[in-house]
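Asker: here is a sequence together with a model predicted from it:
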Protein chains: 2
Amino acid sequence: MTSLPVVNQPPHRCGALLDHLSRRMRLRSESVLAPLGLRPRHLIALTVLRDLGGSSQQDLAKILEMDGTNVVGLLNDLETENLIERRRSPVDRRRHVVELTDVGVKLLVRAEFALAAVEDEVLRGLSDEQRETLYELLHQATSKTEAEACTEAVTRPTC
Amino acid sequence: MTSLPVVNQPPHRCGALLDHLSRRMRLRSESVLAPLGLRPRHLIALTVLRDLGGSSQQDLAKILEMDGTNVVGLLNDLETENLIERRRSPVDRRRHVVELTDVGVKLLVRAEFALAAVEDEVLRGLSDEQRETLYELLHQATSKTEAEACTEAVTRPTC
DNA sequence: TATTGTTATACTCTATAACTATA
DNA sequence: TATAGTTATAGAGTATAACAATA
């Protein structure tokens, strides 16, 4: 009875590392996006809107995990720059349907190009294959629990 | 010449997902840590200090990727609660040597126990094996580029 | 009455500049 | 002169409460 039983060790805690890497990515992204007049927050919103092909402000708030009141200001910024459009929903006039404009789509492409360089730098400790694995794990971790956040049906996997 | 050459596709962008998951982890962590009188920031500082076995404030700022001025306030909080100690370095009296107290070590253990539950919830979309892979990728990504951030030699891999 | 979006506001987080004490 | 830490402060991020329009 001297040998210990084989047990499943609990996985390491990822929280601190996640915070750390995310922080670095955000810091670097800020300086790259500033010349385009965007903040990281703006870019994430634009990306989500393109992937969804439009959204109500409330759903957007849930997806971004932001307070709805702050989404208002965020969209005000983007609307001032003609990057998004707010239209009243015809089926429920309380709602706004938020969509990218052509200008928004084009700026988003430019921003993504700039951000690719940032990722190359921040994630240069990983091989391309490892980066792909990281992407898949992050995607799976975020999308699995997303259904609870979105009350309205959003069909795209990006949610 | 109709068949396309096999090329390495560029890896997906991880930035948005990283931000998203990190955000969720932080939001959940806040509510769990609040009863202990801690904020996520405090916990990360305590964890780093334990792993390093002590640090100057400047090195701590580099490791946490925080501005040095904000580290002052952070350590003030922790010192008020007797979780850390600041001592003048005998070799360079400009510096403080920051170390955990016994109280700090004990509270850190309690906090980590609470945070384990948060990780289980936030990462429940991943299997234990996938979580371990995620940890290793995050660890590798952060530690590879850490040498540049820390001018002073810090021997522990946690840096 | 409940929901969507909005405004006003307070609180936290973060960064910049000026100061002190040591080197 | 340069560095470690501190203070004061301004800006950005975030959350809460009250309100208008609509359901």
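Answerer: Received, thanks. All values derive from a computational prediction rather than experimental measurement.

Asker: quick check, central residue of chain A?
Answerer: residue A:44 (4.4 Å; C-alpha atoms, centre = their mean).

Asker: ok, that residue touching residue B:18?
Answerer: No - using C-beta atoms under 8 Å, residue A:44 is not in contact with residue B:18; the gap is 10.8 Å. Glycine gets a C-beta too; all of them are placed from N, C-alpha and C.

Asker: show the pLDDT at the residue nearest to the centre of chain A.
Answerer: Looking at residue A:44, its pLDDT is 90.

Asker: now the helices: where do they sit in chain A?
Answerer: A:15-33, A:40-52, A:57-64, A:68-80, A:102-122, A:128-144, A:146-149 (DSSP state H).

Asker: coming back round to it: just give the nearest non-adjacent residue to the residue nearest to the centre of chain A, would you?
Answerer: Computed as C-beta to C-beta, 6 or more residues apart in numbering or on different chains, the closest residue to residue A:44 that is not its neighbour in sequence is residue B:16, at 5.4 Å.

Asker: mind checking how far the one you found is from DNA strand D?
Answerer: 14 Å (C-beta to the nearest atom of the strand, to the nearest Å).

Asker: cool, residue A:31 as well?
Answerer: Residue A:31 sits 13 Å away from DNA strand D, going by C-beta to the nearest atom of the strand.

Asker: on that earlier part again, so can I have CSV of the helices of chain A showing distance to residue B:36?
Answerer: Shown next, in CSV, are those (distance: least, C-beta to C-beta, whole Å):
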stretch, distance to residue B:36
helix A:15-33, 15
helix A:40-52, 29
helix A:57-64, 28
helix A:68-80, 27
helix A:102-122, 31
helix A:128-144, 25
helix A:146-149, 26
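
Asker: contact residues of chain A facing DNA strand C?
Answerer: A:23, A:27, A:56-58, A:68-69, A:72-73, A:75-76, A:86, A:92, A:94-96 (C-beta under 7 Å from any atom of the strand).

Asker: at 6 Å instead, please
Answerer: By C-beta under 6 Å from any atom of the strand, the part of chain A that sits against DNA strand C consists of A:56-58, A:68-69, A:72, A:86, A:94-96.

Asker: among these, name the buried ones.
Answerer: Among the residues of chain A next to DNA strand C, the ones that count as buried by 16 or more other C-beta atoms under 10 Å in any protein chain shown are A:56-57, A:95-96.

Asker: of these, which belong to strands?
Answerer: residue A:96 (DSSP state E).

Asker: what is the nearest of the buried ones among the residues of chain A next to DNA strand C to residue B:108?
Answerer: Nearest to residue B:108 among those: residue A:57, at 40.2 Å, using C-beta to C-beta.

Asker: surely residue A:61 meets residue A:67?
Answerer: Yes - using C-beta under 8 Å as the test, residue A:61 is close enough to residue A:67 to be in contact (6.7 Å).

Asker: low-confidence stretches in chain A?
Answerer: Applying pLDDT under 70 to chain A flags residues A:1-10, A:144-159.

Asker: could you rerun that using 50?
Answerer: Applying pLDDT under 50 to chain A flags residues A:2, A:147-159.

Asker: how near is residue A:88 to residue A:60?
Answerer: From residue A:88 across to residue A:60, the span is 16 Å (C-beta to C-beta, to the nearest Å).

Asker: so which of these two has more stuff around it?
Answerer: Here residue A:88 and residue A:60 are compared on neighbour count by other C-beta atoms under 10 Å in any protein chain shown; more neighbours surround residue A:60, at 21 against 11.

Asker: looks like that one contacts residue A:49 (just checking).
Answerer: Yes - between residue A:60 and residue A:49 there is a contact under C-beta under 8 Å: 7.3 Å.

Asker: between these two, what contacts are shared?
Answerer: Contact criterion C-beta atoms under 8 Å, 6 or more residues apart in numbering or on different chains; residues shared by residue A:60 and residue A:49: residue A:98.

Asker: name the nearest residue to residue A:50, ignoring sequence neighbours.
Answerer: Residue A:50 sits nearest to residue A:100 (C-beta to C-beta, 6+ apart), 5.5 Å away.

Asker: what sits against that neighbour?
Answerer: A:46, A:49-50, A:83-85, A:108.

Asker: run through the bridge partners of it.
Answerer: Residue A:100 has these beta-bridge partners by DSSP bridges: residue A:84.

Asker: coming back round to it: what's around the residue nearest to residue A:44, how many residues?
Answerer: So residue B:16, with other C-beta under 10 Å, has 21 neighbours.
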